[in-house]
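just coords:
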């Protein structure tokens with residue numbers, strides 16, 4: 001008998017863990033009517049057109065055709081209906097503080113705690129991107145980093161904006177907030193801030209940290225590309241002594257964890273996401289912070305999060321962001337149900353409602369303490385929400401700008417991603433992708449699906465790996481060199 005799992009009492013579908021062939025018995029006195037791939041849904045009940053389909057104990061869509069018991073349930077017979085705003089009266093739980101745990105972090109002069117020790121090259125405009133990369137490359141190849149072995153490297157933070165946009169308004173404000181967040185990030189022990197000189201986004205308008213050693217320059221004032229590269233490399237050399245610091249024992253409460261899923265599949269909401277939720281709860285119980293993001297990917301599950309808000313103001317703020325996204329997608333002729341990608345659907349996810357219910361499992365069960373704009377600093381401990389797109393690099397960029405000093409990234413299809421200056425742990429939702437992409441994955445959460453390990457056991461393993469990584473253990477993406485191209489600010493407003 002093939003293995004299937006019914007996630008909640010009352011669900012009208014189950015998830016097949018190994019896949020079904022037509023005629024296979026799978027329990028509940030049923031046989032498969034046709035082949036059903038691993039991670040996909042099989043019907044447990046006869047339903048007519050328009051009937052609700054229930055998974056995770058929640059509606060994930062409506063039948064678009066008659067569905068018999070044992071039939072494969074997917075895009076051919078399951079559709080999406082938009083949801084309406086429902087006001088929620090929050091009833092948050094409580095967090096019981098646990099015995100303090102520690103990690104080996106880097107304490108900056110202003111008291112911030114870093115998990116990595118980089119020199120950053122922040123670019124004000126795309127026109128300075130190539131020069132920034134040349135400076136970083138020459139600094140690496142010069143051998144100057146060898147004299148300061150505690151330095152993790154030089155990172156050029158480049159992007160595609162900074163000019164050709166209005167000199168005021170949301171677009172420029174968002175870019176400046178994101179760049180300023182990266183400049184203030186504790187994982188940058190020193191900074192070179194590089195502009196062209198004539199751009200809209202002037203260096204002087206960035207909010208640069210007072211406690212971080214910083215050099216600023218523009219290519220035009222330096223005398224052109226070659227001169228700017230020479231001066232930039234020399235500036236890096238002069239900044240390096242500020243990064244000669246040692247790790248020291250600090251409380252786990254100083255960690256800010258970014259929660260991310262990408263390349264999700266039918267296993268995501270069963271294995272890696274709830275395990276990451278356990279790890280997030282463990283961190284919050286230490287007095288730490290976890291940031292959930294990707295507003296389009298909580299759509300349909302937002303009321304579950306709002307019910308955990310610490311007060312009605314926080315609950316309303318979350319629902320207001322969902323309303324904004326409804327309007328935003330409608331204005332551009334789209335739908336929030338456009339979110340599940342072809343890879344998501346191949347992996348068994350059919351509608352955005354289903355995807356969101358699995359995605360919010362990353363947030364565990366802690367009370368929701370605040371709702372933040374993209375790249376806004378997150379300063380209150382506990383579970384926070386940040387308004388970001390679902391697109392992986394943009395979402396993580398916002399959380400890092402907001403202060404995340406470590407990221408956990410769950411993936412079922414197999415994402416290749418890193419986000420310097422912050423380590424990103426890859427958690428595989430199934431053992432197949434873990435084996436196939438072993439060099440990209442940090443932890444296999446597949447044993448939850450096979451019953452070999454519990455969600456709580458894997459969740460603790462994730463938490464322990466977070467502490468080890470924050471202490472300096474390199475992630476798979478760091479060993480592969482990812483992170484130099486993944487800075488991606490959210491671009492809003494007209495490009496002129």
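Looks like it came in fine. What you see is a predicted model, and the numbers here were worked out from it, not measured in a lab.

just the helices in the stretch 251-400 of the chain please.
272-285, 302-306, 312-331, 342-346, 352-359, 392-401 (DSSP state H, counting those that start in this stretch).

now the last one: average pLDDT?
Mean pLDDT, taken over the full extent of helix 392-401, equals 98.

what's the helix or strand following it in contact with?
Per DSSP states H and E, the first helix or strand lying C-terminal to helix 392-401 is strand 406-411. By C-beta atoms under 8 Å, 6 or more residues apart in numbering, the residues outside strand 406-411 that reach it are 115, 255-264, 268, 272-273, 276, 279, 362, 392, 396, 399-400, 415, 417, 419, 422-429, 433, 445, 462, 466, 469-470. C-betas here are computed from N, CA, C, even on glycine.

show me what counts as buried in strand 406-411.
For strand 406-411, a neighbour-count test (16 or more other C-beta atoms under 10 Å) marks 406-411 as buried.

next, the closest residue to residue 83 other than its chain neighbours: phi, psi?
Spatially, and ignoring its direct neighbours in sequence, residue 83 is nearest to residue 300 (5.7 Å; C-beta to C-beta, 6 or more residues apart in numbering). Dihedral pair for residue 300: phi 100, psi -20, per degrees, to the nearest 10.

now do the contacts for residue 300.
Residues near residue 300 by C-beta under 8 Å, 6+ apart: 58, 60, 83, 352-353, 356-357.

how about 10 Å then?
Contacts for residue 300 were tallied using C-beta atoms under 10 Å, 6 or more residues apart in numbering; they are 58-61, 80, 82-83, 322, 336-337, 351-357, 359-360.

ok so, going back, of all the helices of the stretch 251-400 of the chain, which lies closest to residue 50?
Residue 50 lies closest to helix 352-359 among the helices of the stretch 251-400 of the chain, at 15.5 Å (C-beta to C-beta).

what about that closest one, average pLDDT?
Per-residue scores along helix 352-359 average to 93.

what helices or strands is the longest strand seen in the chain leaning on?
Scanning the chain for the longest strand, with DSSP state E as the assignment, gives strand 188-195. Strand 188-195 sits against strand 118-123, helix 129-141, strand 153-157, helix 170-183, strand 214-218, helix 219-222, helix 225-239, with contacts defined as 3 or more C-beta pairs under 10 Å, 6 or more residues apart in numbering; DSSP states H and E.

most tightly surrounded among these?
Counting by mean count of other C-beta atoms under 10 Å, strand 118-123 has the highest mean neighbour count of the helices and strands packed on strand 188-195, with a mean of 26.

can you list the domain ranges for this protein.
Listed by automatic domain parsing, the domain ranges of the chain are 1-79, 118-243, 251-480.

point out the most buried one among these.
Across the domains of the chain, the average number of neighbours (mean count of other C-beta under 10 Å) peaks for domain 251-480, which reaches a mean of 22.

compute the first-to-last residue distance for that domain.
End-to-end distance of domain 251-480 (C-alpha to C-alpha, to the nearest Å): 29 Å.

now it, how far from the centre of its chain.
Offset of domain 251-480 from its chain centre (C-alpha atoms, centre = their mean, to the nearest Å): 5 Å.

cool, and stretch 488-496?
20 Å.

which stretches of the protein have low pLDDT?
The chain contains residues with pLDDT under 70 at 1-2, 338-339.

can we see that at 80?
1-2, 81-84, 335-339, 494, 496 (pLDDT under 80).

kindly state the beta-bridge partners for residue 78.
Legend: beta-bridge partners of residue 78 under DSSP bridges are residue 63.

now do it against residue 244, distance only.
The spacing between residue 78 and residue 244, counted by C-beta to C-beta, to the nearest Å, is 58 Å.

circling back: would TSV of the buried residues of strand 406-411 with distance to residue 27 be doable?
Converted to TSV, the buried residues of strand 406-411 look like this (distance: C-beta to C-beta, whole Å):
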residue	distance to residue 27
406	40
407	38
408	33
409	33
410	27
411	29
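
how close does residue 5 sit to residue 358?
Remark: distance between residue 5 and residue 358 (C-beta to C-beta) = 13 Å.

same check, this time on residue 202
43 Å.

can you check residue 466 too?
21 Å.

what's the neighbour count on residue 86?
Look at residue 86: counted by other C-beta atoms under 10 Å, it has 9 neighbours.

re earlier: out of the buried residues of strand 406-411, the closest to residue 166 would be?
Of the buried residues of strand 406-411, the one sitting nearest to residue 166 (C-beta to C-beta) turns out to be residue 407, at 31.7 Å.

contacts only, for residue 422.
Neighbouring residues of residue 422 by C-beta under 10 Å, 6+ apart: 114-116, 118, 182, 185-187, 256, 258, 396, 399-400, 403-407, 475, 483.

beta partners of it?
The partner residues for residue 422, given DSSP bridges, come to residue 419.

would TSV of the helices and strands packed on strand 188-195 with distance to residue 284 be doable?
Shown next, in TSV, are the helices and strands packed on strand 188-195 (distance: least, C-beta to C-beta, whole Å):
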stretch	distance to residue 284
strand 118-123	27
helix 129-141	36
strand 153-157	29
helix 170-183	22
strand 214-218	33
helix 219-222	45
helix 225-239	36
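
quick one: closest of these to residue 309.
With C-beta to C-beta, the closest approach to residue 309 among these belongs to helix 170-183: 23.9 Å.

by contact count, what packs against the closest one?
Applying 3+ C-beta pairs under 10 Å, 6+ apart, one finds that helix 170-183 contacts strand 118-123, strand 153-157, strand 188-195, helix 392-401.

mind putting these in a markdown table, distance to residue 314 included?
Output for these, formatted as a markdown table (distance: least, C-beta to C-beta, whole Å):
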| stretch | distance to residue 314 |
| --- | --- |
| strand 118-123 | 32 |
| strand 153-157 | 31 |
| strand 188-195 | 30 |
| helix 392-401 | 18 |
